[in-house]
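Visitor: below are the sequence and a predicted model for it; my questions follow.
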Amino acid sequence: MKKVTLLLLSLFLPLVLAEAREAPKSGLESYEAWDPEIVQAFERILVQDGGRVKPIYTVSRFTLMQFSGKSRAKFETKDGEKHNLHYSEWMLNVLFRGEIAKDIPVFVIDNSEAVVQIGVSPKSKKRTVYSYNDLLPGRARLAELAAQYNEKHQKFIQSEKRDRQYELDPIEGMVRNLGGNISSFEFLVGQLGFARDGRILVNENILPQELLDLAAKTSPMKMLREMPMPEMSIDQLVQIIQQPPSQEEAEKTLQDVFRLYFFFANTSRGLNFFPPQDQKIETWLSASDMMTRGLESKEARPWCAGQLESIEKLVDAEKEGDEAFKTAINSFVESQHEISDPANEGLYVDQEISLYRNMPFHKALYYFIGAFLILAISWFAPGSTFGKVTLVIASLLALTGLVYDVYGIWLRSIVRQRPPITNLYDTIIFITATAVFLGLLIELFTRISIGTLLAVIAGVGGMFLSIKYEAKEAADTMDPLVAVLDTNFWLATHVTIINMGYAAALLAAIIGIIYLIVRFIMTFQGKEDKSFFRILTRMNYGIICFCLLFSLVGTVLGGIWANYSWGRFWGWDPKENGALMICLWTLVILHGRMAGWIRDLGVHMQSIILAIITTFSWWGVNNLGVGLHSYGFTEGVWGALYTSWAVLGIFLFMGVVIWFSDRAKKAARREATESNIPPIPSQ
Amino acid sequence: MAKKSIDWSPENWPSLIYRLFTSFKVATIVFVLLTLITLLGTLYQVEHGLHAAKEQYFYSWIIVEKVGTIPLLIPGGMLLMWILFINMTLGALVKVRKRWKGVGLLVSHSGMLMLLAGAFITHKASSDGYMALYPGMKSNRVESYRDWQLEIMPLDDEGTAEKAWILPSDELQSIRSDEQRKYETEDLPFGIVINGFSQNATPIPVSAPMAAKAQGKEIDGFKLSQQQASKNAEQNLPGCYIELRPESGDPIETILWAGSFRFDPREKPMPFTFEVGGQKYGALLAKRTWVVPFEVQLDEFIFERHPGISTARNYESRITRFEESQPEKPVEIKMNEPMRYAGYTFFQESFGPQGSEPGDEMFSQFAVANNPADQWPLWSLVVTSAGLLLHFVIMLVSYIVRSFSSKPKAATAS
């Protein structure tokens, strides 16, 4: 057992080492951090994004994750100082100190070949993080290649059977992603360009010098307030600026004004900071929308100019000093809330910030890992007082991890005003919580450390998966729901219950794996601990019964929901079939046991097959691309599924070896009995 | 230990059959096979669509699955569910030892039987179709999703018809693409010959390169090109060659194609028109229709997206229901809130035309279902859940009682 303990402890070493990586070098001489109070004030700015109003804190988090795969920007300045920026601080730089943001390495590139393709010298052959300025020499080539690969990718998606000739190779995929990320970054840096008195920072080469000079003197806000611009649509504006330059000085100046106005209207799209005046309208507006509206209607100009002025004040205040900037941000946030609060929008900003700031799922992971380590230590002296105390500590740590997980789930429910599960990400954290709860419940009844072990395995695995999934998707996981899911009753019943069934199925498989590993080792050591194995089998049987109850009730509830929504109870849709297969396989186990075909070893082996079916139902069917439930397509899922099934297959193989060994022992005993030789005593 | 020998005498057969059908072994085999065909049917959908998978795996008696070139026979979903029904009835309700500890299982199996019976009634007796309406339109007519029939009707001077001769969809759709069938009726002064029916087809000009591959004869410069059946069976557009043979005069030949039917509730079908004996007739492939005992008028269709993105947040229809001797009834139908009335259920299904945006004039489409066993799953769920819960509580209580009455010796992971 001690060897096993050491082996298991060593598994966590790579996790610790992975965190201690070298910070990439930046072109910045030095870096001055933002006043924490400014960062805190900035985080509360509201933005409407992805169909809902959220704090810029959330937007910053997922933008940085999308670029770098991480939620922090680490770098080393030329003065030798190392910096570790929080995502909101990074976003403050992007919006208000673009020239610094351009030197912070955030664009992760897995293979240097992608950088070579755009004509930039790679920093290293391995996965490296680049800054915008590092990649700037290859910007034009990147745009060209990204467009080309985008087109190819579109053809691949649209082709009838995913034509392989249009499939992007990994390098092409990287270049395409990089192209998208660099464009997004430029949009963010250029977002407030209209308020920077001519400091354009990105794409400045598009503008001729006279327009740059003009930008230093005027702004769209001033143009709306002070210049006699006629009412016109953006299309009409495009027509005007496409006309050849006028010879008349006055007309040429007006043309320049229009061209600059169009440039700013184009570059300030994206971040919707402004709640609409009319409460019946839900769509928030960006600075670009303000410019377009102001251009279209003289009546709207004072309001539009006022909103643009509020951004200019922010930009000016940043130059005036920390106190002025903080006051300006607070005042901007207050003005947003004055309109959004009565419309019941952005009411749970603090809870959302708290969710991401407190990182309950990361903390849960740490507690589960801690619980695992303590539990492993308890196995050095099982049954002793030391062993019992450490087991209690491990169980309490696992319980703390569960509390953090549930706290995170609860916060997400509050922010969305929804039951716990509305998308694939929610299922991970919910299934983990259920499995950990069941494990601890088992521990409460059995007190032999297996329940706690189940809880920590489920906890570590589930939390690790949730963190990896979030980083991979790098997108808001609290998106609004599609019309058919807009029902709290069915989300709270069918979805919750069926996921409890999934959790039980996976827990049953973990019990099965523990059984098979221990029995496999003991078989080769010639040992046996029948009472321990009997307890494991009883545990697994109980969990499989739990799985049947919840899977069956959840599946039928899903059918009833489908009957309410679509008019049929059962449509043989892949997701429905996945749930049905889980029910059927639990019935195979229960009836096979009654038939005498499945005994202890069989129950555990079947529970592993149940896990294969469950993972197929949970992840696989979403990626088949057919049916009413084909949501949540996640790239790379099949690879991960095949790997996990191969691993589970190894455990099944161990079961087969044990089965043959048991048969051989039985045959030997029978032979010994038949020849009247005293049987070999079992050890 | 010597095994009990089985009495195979014919007098013992009923007992053997009873033992076979009530055994846990049969139940286990059925569950394994049901899991297998569910998996195969799910994967089959990826290439062939839902409708084909249902017919091939779930509504069939026998499945022929090829492993390489060797055909493998697997019992189909229908056969397995019948065996399961018999096994459950005899094994779990009749044969089972009646004792208080088994009450929960008895109840839960009764619930599952109810579910299977409900599924059978749904399969045999339910109907489903759709009704699409623009605001202001009123109808009591429901159209089938997949069933196409041949309609031939005498037309008046304005091109409208009062009655039609119909070749039912079951008959029409059973005609193979290389088969000829003839029909005579007293209602029409000519015979009808159908030369091949294709479930999914497109008429193409003979000048097109693909026409060389198309079988069938050329009519007015066109041939009917057979297409692979769509994964989504509702999208199939069937076609056939038809020949109308009057008692005197030359036969009239044409291609009938479902694409001449309408795709939008406002459009009018365009039948092939011809004259026999001075009377004008129209012929077309049309979707099978039936009527409900009330009329539905769409007053308003509301379609909303989440702000700033294309995800639909809500679509709902405000309708008025008209029925003889009943007052008009305004009703709201939206996602998850259907209208149930007179044995029919109207669900908010979709909208059109394709590519419509909020603000455009749009039609609303209702799925219309008539299922006598509509609520059976709900009742069976209540019964099954109660039974399972009762059983597991009984098991848990007896386990806890056992555990406390005989405290196990310290069993540890080591």
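Guide: Looks like it arrived, so ask away.
Visitor: run a quick neighbour tally on the nearest residue to residue A:328 once chain neighbours are set aside.
Guide: Leaving out its chain neighbours, the residue that sits closest to residue A:328 by Cβ to Cβ, 6 or more residues apart in numbering or on different chains is residue A:317, at 3.5 Å. Backbone N, C-alpha and C define where each C-beta goes, glycine included. Neighbours of residue A:317 under the rule other Cβ atoms under 10 Å in any protein chain shown: 20.
Visitor: hmm, residue A:323 and residue A:317 touching each other?
Guide: No. Under the criterion of Cβ atoms under 8 Å, residue A:317 makes no contact with residue A:323, lying 9.1 Å away.
Visitor: quick one on the thing from earlier: which residues are in contact with the residue nearest to residue A:328?
Guide: When contacts are counted by Cβ atoms under 8 Å, 6 or more residues apart in numbering or on different chains, residue A:317 is found next to A:324, A:325, A:327, A:328, A:329.
Visitor: just the pLDDT at the second one, thanks.
Guide: In this model, residue A:325 is scored at 96, pLDDT.
Visitor: ok, now which ones touch it?
Guide: By Cβ under 8 Å, 6+ apart, the contact set of residue A:325 is A:38, A:314, A:317, A:318.
Visitor: residue B:322 in helix, strand or coil?
Guide: Three-state call for residue B:322 (DSSP: H, G, I helix; E, B strand; the rest coil): strand.
Visitor: show me the beta-bridge partners of it.
Guide: residue B:295 (DSSP bridges).
Visitor: what about it, how many neighbours?
Guide: Burial of residue B:322 is recorded as 15 neighbouring residues (other Cβ under 10 Å).
Visitor: around chain B, pick out the residues from the stretch 251-400 of chain A.
Guide: A:272, A:282, A:283, A:284, A:379, A:382, A:383 (Cβ under 8 Å from any Cβ of the partner chain).
Visitor: hmm, the first one is touching residue A:285, no?
Guide: Which is residue A:272. Yes. The criterion here is Cβ under 8 Å, and residue A:272 meets it with residue A:285 at 5.9 Å.
Visitor: run through who's touching the host helix or strand of residue B:14.
Guide: Using DSSP states H and E, residue B:14 sits within helix B:13-21. With contacts defined as Cβ under 8 Å, 6+ apart, helix B:13-21 is touched by B:6, B:8, B:26, B:83, B:86, B:87, B:90, B:91, B:95.
Visitor: buried ones among those residues?
Guide: B:26, B:83, B:87, B:90, B:91 (16 or more other Cβ atoms under 10 Å in any protein chain shown).
Visitor: export the residues you listed to TSV and append columns for distance to chain A, secondary structure and pLDDT.
Guide: Formatted as TSV, the buried ones among the contacts of helix B:13-21 follow (distance: Cβ to the nearest Cβ, whole Å; DSSP: H, G, I helix; E, B strand; the rest coil; pLDDT from 0 to 100):
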residue	distance to chain A	secondary structure	pLDDT
B:26	9	helix	95
B:83	13	helix	95
B:87	10	helix	94
B:90	14	helix	92
B:91	10	helix	89
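Visitor: now, which of these sits nearest residue B:256?
Guide: residue B:83 (43.3 Å; Cβ to Cβ).
Visitor: for residue A:107, see how far away the residue nearest to residue A:328 is.
Guide: Separation of residue A:317 from residue A:107 (Cβ to Cβ, to the nearest Å): 30 Å.
Visitor: next: residue A:177.
Guide: From residue A:177 across to residue A:107, the span is 9 Å (Cβ to Cβ).
Visitor: do the same with residue A:570
Guide: Look at residue A:570 and residue A:107: by Cβ to Cβ, they are 48 Å apart.
Visitor: what number of residues lie near the residue lying closest to residue B:312 once chain neighbours are set aside?
Guide: Counting by Cβ to Cβ, 6+ apart, residue B:312 lies nearest to residue A:483, which is 4.7 Å off, once chain neighbours are set aside. Neighbours of residue A:483 under the rule other Cβ under 10 Å: 21.
Visitor: go on, the one 10 residues further on?
Guide: Residue A:493 is surrounded by 18 other residues when neighbours are defined as other Cβ under 10 Å.
Visitor: in a helix, that's where it is, yeah?
Guide: Yes. Residue A:493: assigned to a helix according to three-state DSSP.
Visitor: thought it was touching residue A:557?
Guide: Yes. With contact defined as Cβ under 8 Å, residue A:493 reaches residue A:557; the gap is 5.5 Å.
Visitor: secondary structure class for the residue positioned nearest the centre of chain A?
Guide: Computing the C-alpha centroid of chain A and ranking residues by Cα atoms, centre = their mean puts residue A:470 first, at 1.4 Å. Classification of residue A:470 using three-state DSSP returns helix.
Visitor: gap between it and chain B?
Guide: Residue A:470 is 20 Å from chain B, where distance means Cβ to the nearest Cβ, to the nearest Å.
Visitor: residue A:446: what's its closest spatial neighbour, skipping adjacent residues?
Guide: Using Cβ to Cβ, 6+ apart and skipping residues adjacent in sequence, the residue nearest residue A:446 is residue A:535, 6.4 Å away.
Visitor: isn't the one you found right next to residue A:445, touching?
Guide: No. If you go by Cβ under 8 Å, residue A:535 and residue A:445 don't touch, sitting 10.2 Å apart.
Visitor: can you redo the contacts of residue A:317 as TSV with secondary structure?
Guide: TSV is the format used below for the contacts of residue A:317 (three-state DSSP):
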residue	secondary structure
A:324	helix
A:325	helix
A:327	helix
A:328	helix
A:329	helix
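Visitor: list only buried entries from those.
Guide: Buried residues within those, counting neighbours by 16+ other Cβ under 10 Å: A:325, A:328, A:329.
Visitor: ok, the nearest residue to the last one once chain neighbours are set aside - contacts?
Guide: For residue A:329, the nearest residue in space outside its immediate sequence neighbours is residue A:41; the separation is 4.3 Å by Cβ to Cβ, 6+ apart. With contact set as Cβ under 8 Å, 6+ apart, residue A:41 has these partners: A:326, A:329, A:330, A:333.
Visitor: tell me how far the first one lies from chain B.
Guide: Computed as Cβ to the nearest Cβ, the residue A:326 to chain B distance reads 29 Å.
Visitor: likewise for the third one?
Guide: Taken as Cβ to the nearest Cβ, the spacing of residue A:330 relative to chain B amounts to 26 Å.
Visitor: look up phi and psi at the residue of the stretch 501-650 of chain A found nearest chain B.
Guide: Evaluated by Cβ to the nearest Cβ, the stretch 501-650 of chain A has residue A:595 as its residue closest to chain B, separated by 3.6 Å. Main-chain torsions, residue A:595, degrees, to the nearest 10: phi -80, psi -10.
Visitor: could you chop the chain up by domain?
Guide: Let's take chain A. Domains of chain A are assigned by automatic domain parsing as A:23-190, A:204-340, A:359-473, A:487-654.
Visitor: let's do chain B instead
Guide: B:10-96, B:99-123+B:371-405, B:127-137+B:291-370, B:145-290.
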